[in-house]
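>>> What follows is a predicted protein model with its sequence.
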Amino acid sequence: MLCGRWGRGRRRPEESAAPARDVVPLALPPSPGGVAQRPTSRGLKKMGLTEDEDVLAMLRGSRLCKIRSRTWQKERLYRLQEDGLSVWFQRRFPRAPSRHIFFVQHIEAVRQGHQSEGLRRFGAAFPPARCLTIAFRGQRKNLDLVARSAEEAQRWVRGLDKLRARLEAMSQHELLDHWIHSYLRRADSNQDSKMSFKEVKGLLRMVNVDMNDMYAYRLFKECDRSNDERLEGAEIEEFVRLLLKRPELEEIFCRFSGEDLVLSAPELREFLEAQGEAGATLACARRLIQTYELHETAKHHELMTLDGFMMYLLSPEGAALDPTHATVFQDMGQPLAHYFISSSHNTYLTDSQIGGLSSTEAYIRAFAQGCRCVELDCWEGPGGEPVIYHGHTLTSKILFRDVIQAVRDHAFTLSPYPVILSLENHCGLEQQSVMARHLRTILGDMLVTETLGSQDPKELPSPEQLKGRVLVKGRRLPAKLAEDGCSLSDREEQEEEQGAPTETRSQAGQVAPELSALAVYCCATRLRALQPSPGLARPCQVSSLSERKARKLLREAGNSFVRHNTHQLTRVYPLGLRMNSANYSPQEMWNAGCQLVALNFQTPGYEMDLNTGRFLVNGRCGYVLKPRCLRQPNSAFDPGCPGPPSTTLTVQVGGGLSCSETHWS
């Protein structure tokens, strides 16, 4: 933990002596099979899992078959480490021991059965009960495994889920301790529980600390009490404390604590008030001290040391996001058009628009990020089965039915609110009928197939009314044409996308009655003109606009566009010229009240950061209530006209911890 300055400078009159330091050992656990004595499972004790049968089985290890393709299927040993934080696995060609480990904290989900694209394609010979998939956060590929028995597979699924749940329930103090241990283990390349200077430099690179080698070596030698060019035990702990020392936080702390270098409850309240917490009370300050202070003597005297101050700032209560907004707190009973809805463009792609990989995992990852509107680019496939890919490019193809199965299994794991399937339909009538059949049979009662009986036809239903339901956005035949599946002249707007051959465009102008019937509340309609009054338009009509067309409407008819978006859904998508899957700024589209501002979720950057921030509130459910001026039918707001003077918010970043580098930074 960070070193405080308790005991330095003037003491308070009631203070007798400096409290003993709560020392947290940071020595590295040895590698499996190493010469050092295995430590007691301190991490598992903290988690309360030392007697858990599933965890004990994982500690003993299992021989699991790793599946990569039809021909690459290798059995490897997998074993949970004593720290409960990492899993060691065997490699045929040995590398540095730290490369034989993955961390529980990096796992996004553990799924049993043929629940990944890889296992569906290459694991059909194995019973689903013996199969499991470990999905990781970020760009790391899934780990598809087959156990020797269904019971063994279930133990790994249950055990990893328990470990992940315990990690999520850890206090800030425990999380920081866990963070330190995980990086120390990775940096210890030969797993001898000691740190050479070379390994220390590797640790600095991992945590993105840009430190001069001479200064780093001086810190290293300062901690090397044994003078053997190795750090171990307490020496490692001291080095980590020096590494994590935060002068910028000490400066803030000292500004409010004065010479005694501890915060009393009134001083902590003063700090809170200075941060804009107008409702801060002495009772609130005392509660924070009892919650985050690490020293019992300080707690007893209602004082906060620098260590406790650090724990508070790194906790959810110290975050910029209001903790009450981490759960659903907004009114979810208003029409769908009154919400910003997290939306993805070309969801199936994992990379570029030209030759990238298409994958069902991209849909699963989008749902895990809170996405509520995904795109399915549907084309004619072999064997009568529609496929999804970026048409007329080298992107790979995936089956339409596999994507619908992924929707069924994963759409509501993070959020219970409705999911919209935006169909880009390039199929003929026969395969459109197949699409409709898959939607009905796979999704079952989840699929909205008719209007809600109690719903006002002049308004869209609310997210609350549609909990757990799937909506289809697609073209809808007029009633008189629905019997024969005739050509539909009012096609969804496709401007500035890649052009399709003439025969494909002609084919896309038709829609099968079976598929048309599923477009209940999201009927794709070309936006020819903005209606002067909301009462003249049908709320179930959805317009899709390119970013260029949306900007033009913003400039030329900003207020009319805002009023249009108070009662109808508008989807905005990136220009087709963005072949590298780059994104546009979503903010200008949100300013006009556009609900479905679709971005390439596979492309990190400023634009996706804006999107993540927008949907971080309201429990990350994917729906955020629009401001009042964007919900009123007669709103006078015009995003393109000068309004009240803009306010500039300046944020000073005092420092960061565990900040990952990205390829776009």
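Here it is on my side, so go on.
>>> okay, CA-based contacts and neighbour counts for the rest of this
OK.
>>> Report pLDDT for I107.
With respect to pLDDT, I107 has a value of 93.
>>> Please name the residues that touch it.
By Cα atoms under 8 Å, 6 or more residues apart in numbering, the residues touching I107 are I134, A135, F136, R137, R164.
>>> Just give the nearest non-adjacent residue to R614, would you?
Closest residue to R614 apart from its sequence neighbours, by Cα to Cα, 6 or more residues apart in numbering: V624 at 7.8 Å.
>>> swap in V617?
Leaving aside its sequence neighbours, V617 sits nearest to H325 (Cα to Cα, 6+ apart; 5.2 Å).
>>> Equivalent analysis for G61, please.
R79 (4.0 Å).
>>> cool, G384 as well?
Spatially, and ignoring its direct neighbours in sequence, G384 is nearest to Q431 (6.3 Å; Cα to Cα, 6+ apart).
>>> What are the buried residues along the helix or strand hosting that neighbour?
Secondary structure assignment for Q431, by DSSP states H and E: helix 429-443. Buried residues in helix 429-443, counted by 16 or more other Cα atoms under 10 Å: L429, Q431, Q432, S433, V434, M435, A436, H438, L439, R440, I442, L443.
>>> so who does the third one touch?
With contacts taken as Cα under 8 Å, 6+ apart, Q432 has the following neighbours: P386, V511, A512, E514, L515.
>>> For Q595, which non-adjacent residue is spatially closest?
Take Q595 and drop its neighbours on the chain: the residue closest to it by Cα to Cα, 6+ apart is F340, 4.4 Å away.
>>> In contact with the one you found: list those residues for me.
Residues near F340 by Cα under 8 Å, 6+ apart: W590, G593, C594, Q595, L596, Y623, V624, L625, K626.
>>> could you redo these as JSON lines and give each row distance to P247 and secondary structure?
Shown next, in JSON lines, are the contacts of F340 (distance: Cα to Cα, whole Å; DSSP: H, G, I helix; E, B strand; the rest coil):
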{"residue": "W590", "distance to P247": "39", "secondary structure": "helix"}
{"residue": "G593", "distance to P247": "44", "secondary structure": "coil"}
{"residue": "C594", "distance to P247": "44", "secondary structure": "coil"}
{"residue": "Q595", "distance to P247": "44", "secondary structure": "coil"}
{"residue": "L596", "distance to P247": "44", "secondary structure": "strand"}
{"residue": "Y623", "distance to P247": "40", "secondary structure": "strand"}
{"residue": "V624", "distance to P247": "38", "secondary structure": "strand"}
{"residue": "L625", "distance to P247": "40", "secondary structure": "strand"}
{"residue": "K626", "distance to P247": "41", "secondary structure": "coil"}
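>>> from those residues, which single one is nearest Q105?
Within the contacts of F340, the smallest distance to Q105 is 26.8 Å, found for Y623 (Cα to Cα).
>>> Got the phi and psi for the closest residue to the closest one other than its chain neighbours?
Of all residues not flanking Y623 in the chain, I341 sits nearest, at 4.9 Å (Cα to Cα, 6+ apart). Dihedral pair for I341: phi -120, psi 120, per degrees, to the nearest 10.
>>> can I assume E450 sits in a helix?
No: using DSSP: H, G, I helix; E, B strand; the rest coil, the assignment for E450 is coil, not a helix.
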